[in-house]
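> Pasting a predicted model and its sequence here:
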Amino acid sequence: MNKPFAVVLDASTSLCNKTGSWRTKRPEYITRLPPCNSACPAGENIQQWLYFAIEGKFFDAWKVMVERNPFPAVIGRVCYSMCEKACNRAITDGAVNINLLERSIGDLAIAKGWEFEKNANYPGKKILIIGAGPSGLSAAYFLKKLGHEVTIYDNHKKPGGMMRYGVPRYRLPNNVLDTEIKRIVNFGVKIICDKKIDDICAAIKEFDAVYIAVGASIALKPDVKIESGSNIVDAVGLFQKLENEDKDLPYLGQTVLVCGGGNTAIDAARSSLRLGAKNVKIIYRRTIDDMPANENEIGEALAEGIEILCLRTISKVDKNKIFVDKMNYDREASILSKSGELEILYADSVIFAIGQSVDKDMFSNIEGINVSENGVIEVDENMMTEIPGVFAGGDAISGKRTVTHAIAWGKKASNYIDAYLRSTKVTKPPKNEVITFKRLNVAYYTKNPRKNVFIPMDISFKEKDTSYSGKKIIEEASRCFSCGNCFHCDNCYGYCPDGTIIKHKDGSLEFNYDYCKGCGICASECPCGAIKMIEE
Amino acid sequence: MLCQLEGSQAIARAIALCRPKVVCAYPITPQTHIVEGLGELVRSGELSECEFINVESEMAALSVAIGSEAAGVRSYTATSSQGLLYMMEAVYNASGMELPIVMTLGNRTIGAPINIWNDHSDAMSARDAGWMMFFAETNQEALDLHIQAFKIAEKTKNPVMICVDGFILTHAYERVDIPSQEEVDKFLPFYSPEVCLDIEEPLAMGAMVSPDYFMEVRYIAHIKQMKAIETIGSISEEFFQKFKRKSGGFLREYEIDGAETVIVSMGSVAGTIKEVIDELNANGEKIGLLSLICYRPFPADILNKALKNAKKIIVVEKAFAIGIGGFLSREIELAIKDKEIVSVIAGIGGRNITRSMLKECFLQKNNNQSTKFLGLNEGIIEAQ
């Protein structure tokens, strides 16, 4: 080839000029914590299982879920989805429907009969767990994973705790719960029901450690004057009778008034409708925005015709005549006061769902297990009571009483118990910086609004079936922005004006710092904030 | 095929016959009709296997042409006036990288104040950019020059600019003879450069050259362009053999034998000058015309020879440099020694050049002024 002198050069000639030396800032691929993972009480690696779901690798996705949560199908129904509230996509066109995806993959696991992978036999210790609720079962699963021998005692007819006796069937059908508990049993956890433990001190001699996960099963008594002949029902008791198919259900009548603002109140109101009540009202002392209940649940209750009366408290119940005080609420100052205005309502029954506490009597004669005034068991920073080797967790120690939190407590307790038994300490892995919306470059994501599945519901105890099948799982999972973590879109590769990004065969990318001038275009054009400019 | 065509359309048809693979341009008066015509030919499929690339500026237009030409395909663009200024960095790059791009310059003056009409100021701004430059006298010559341009450019590895007077040629209808595709194909071979960008065999074009070599690079470019004079002559001759029409080359002589006064001009103004010469020579004057077609490379020796017998030379030029005067007359002074050379600045910003003005100017004797401004309104000047 006859090349013009000096005008056309061999390509290699300018490579000796390592322009990377001009750089004052260096781009680096980093890992930021996605907000969904950060918000999940159980610490699920949601983004990771979404990646697998996008690839159609549902079994791998499920395996990632059960690393942190042994109940995907249950959680996919009853979790109040803190992940979706934190999801950065919520700011543009609606959060990824993480909860429904978890349910769908959880249901797939049930249909396919997927089981937990048994680990090599490890000469573990013997552990007793009191209470087969979400926290106890979760602790059992994680302790079993760590190689210990676990036995659970529960005083109910069936295991499941609040998942069975606190969540109505239209939200969580029995077969789903039974299958996921059965999987834990198949994994090697022994569950003994209808067993009351009277002597924890004796049990501690038989076992190396005890985990008290008895929940908060005692309904709080309302501070309300109740005249004789009034028909008062407590929500927890009602659910338990319902679950046990007790013939002797409390009489609710046509008109029901539910007092409370949490999820239990909503569940009680909606269950009342299903038991034949025609006119159901919820009464709550603050405004609807202050209700601790999940907003979807509130929405569905309203859709079913339940009325929510806000800024009211019951002062007296006299047979079917209910005396109500109207309230004033100053949210900023958090001051709730009676307005002086009164109202009289009529109802055939009043259900109180104003909170629960631990059964204090259970521990009254045990020295070293103290129940505080708030109705929770006192534990140290390692979740241990004053008795060495006796731990407590779940609803029994916490005010955040959701199934997801209980599962998280179970996992946490398993680590503390394991560390205690091995005489080591629990070390917390460092947490990456959470990626905020402003770090994303959302213009690069195709608009694809969230599709809310709305199936009109029969007012019955039958669950509505909304689970996605294979293709739809992939479609919905693909809406994930992959916040804070490279998803190989190759934007940086395309934009680098100096061609300094090396693309490996496996798709991974690397900066060639010999020639990167540190212009920062890669970082500013990265859709998901996975490149950080670092001062040289 | 004989047609009555607008100059721009004739040029568009000529370009299409040359089968470019890439056409890219940004609209600017008076060049716009050329690329509009090409756009239509590409869309209709008449010009096939050609990518018409829309760009956002003249800078991009020529840069795209540089890219495609470097990749080894015949590329074309067109512009005028400020458009040429805007692409100027790329103009130098194209010649510096020896890329045989062909560009039409629809000649228009340069603002401010803004003015869309014809003169040669824009062409003069690029006269030192290393491009070969040709000026067309008629629409037919414009058409013919474009066909020759690709051949000259590709043979000498140097970009070529064809200058056509804005409006006077670009927008005027004239009879043109359009050659057939077969004829053009026989004249202009398929373009396949030896050196071009290829991902299999990477190259760097126009990378940094140190002071140790830069002067040599420029010297080689100069020598090459001076040598290209031979190529231009032989291609013009070959064109004549194939198409039976004298077009291009260096200059065209009119009534030169025995002429005492020789007028030198570039572009379409030659038509008016010829009419004036006919009228004056009928009355016994001895005036001839030398219409310069090839402006770069500057054919000094050829001009010298042609002007050998002239006693007086009047250069009618459509551009001048503020602070010194006419460009063309200064350059002719370098080629011709010891002769009276008068510079007549005419037609600036589209001012009409009339026969009576020229007649008066050609007949003026014993002139003290070496630079005259044709048709200057003295009243306005005095009032200032």
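Structure's in. What do you need?

> count of neighbours near the residue in the stretch 251-384 of chain B that chain A sits nearest to?
Here the residue of the stretch 251-384 of chain B nearest chain A is B:Pro297; by Cβ to the nearest Cβ that distance is 17.7 Å. From N, CA and C alone the C-beta is placed, and that goes for glycine too. Neighbourhood size, B:Pro297 [other Cβ atoms under 10 Å in any protein chain shown]: 19.

> Helix, strand or coil: sort out the nearest residue to it once chain neighbours are set aside for me.
Using Cβ to Cβ, 6 or more residues apart in numbering or on different chains and skipping the chain neighbours, the partner closest in space to B:Pro297 is B:Gln225 (4.7 Å). Following DSSP: H, G, I helix; E, B strand; the rest coil, we place B:Gln225 in the helix state.

> which residues touch B:Gln225?
B:Gln225 is in contact with B:130, B:132, B:156, B:158, B:296-297, counting by Cβ atoms under 8 Å, 6 or more residues apart in numbering or on different chains.

> Then A:Leu309?
A:281-284, A:324.

> What number of residues are in the vicinity of A:Lys462?
With other Cβ under 10 Å as criterion, A:Lys462 counts 12.

> Does the helix or strand bottoming out on mean pLDDT in chain B reach chain A?
Ranked by mean pLDDT, DSSP states H and E, the weakest helix or strand in chain B is strand B:203-205, scoring a mean of 89. Yes - Strand B:203-205 reaches chain A (Cβ under 8 Å from any Cβ of the partner chain) through B:203-205.

> Just name the closest of those to A:Asp514, please.
B:Ala204 (17.0 Å; Cβ to Cβ).

> quick check: domain ranges of chain B?
B:2-243, B:251-383 (automatic domain parsing).

> before we move on, what about chain A?
Looking at automatic domain parsing, the domains of chain A come to A:19-31+A:486-535, A:35-114+A:430-477, A:126-217+A:358-422, A:221-355.

> how about the strands in the stretch 151-300 of chain A?
A:190-192, A:209-212, A:218-219, A:225-226, A:232-234, A:255-259, A:279-283 (DSSP state E, counting those that start in this stretch).

> Mean pLDDT lowest where, among these?
When these are compared by mean pLDDT, strand A:218-219 comes last with a mean of 84.

> Tell me which other helices or strands that one touches.
Applying 3 or more Cβ pairs under 8 Å, 6 or more residues apart in numbering or on different chains; DSSP states H and E, we find strand A:218-219 packed against helix A:235-243, strand A:356-357.

> how about 10 Å then?
strand A:232-234, helix A:235-243, strand A:356-357 (3 or more Cβ pairs under 10 Å, 6 or more residues apart in numbering or on different chains; DSSP states H and E).

> Given that strand, what are its sheet partners and their directions?
Applying DSSP bridges to the sheet, strand A:218-219 is found paired with strand A:356-357 (antiparallel).

> Now tell me what touches the strand it pairs with from outside.
For strand A:356-357, the external contacting residues (Cβ atoms under 10 Å, 6 or more residues apart in numbering or on different chains) are A:162, A:166, A:215-221, A:234-236, A:262, A:264, A:371-376, A:395-396, A:401.
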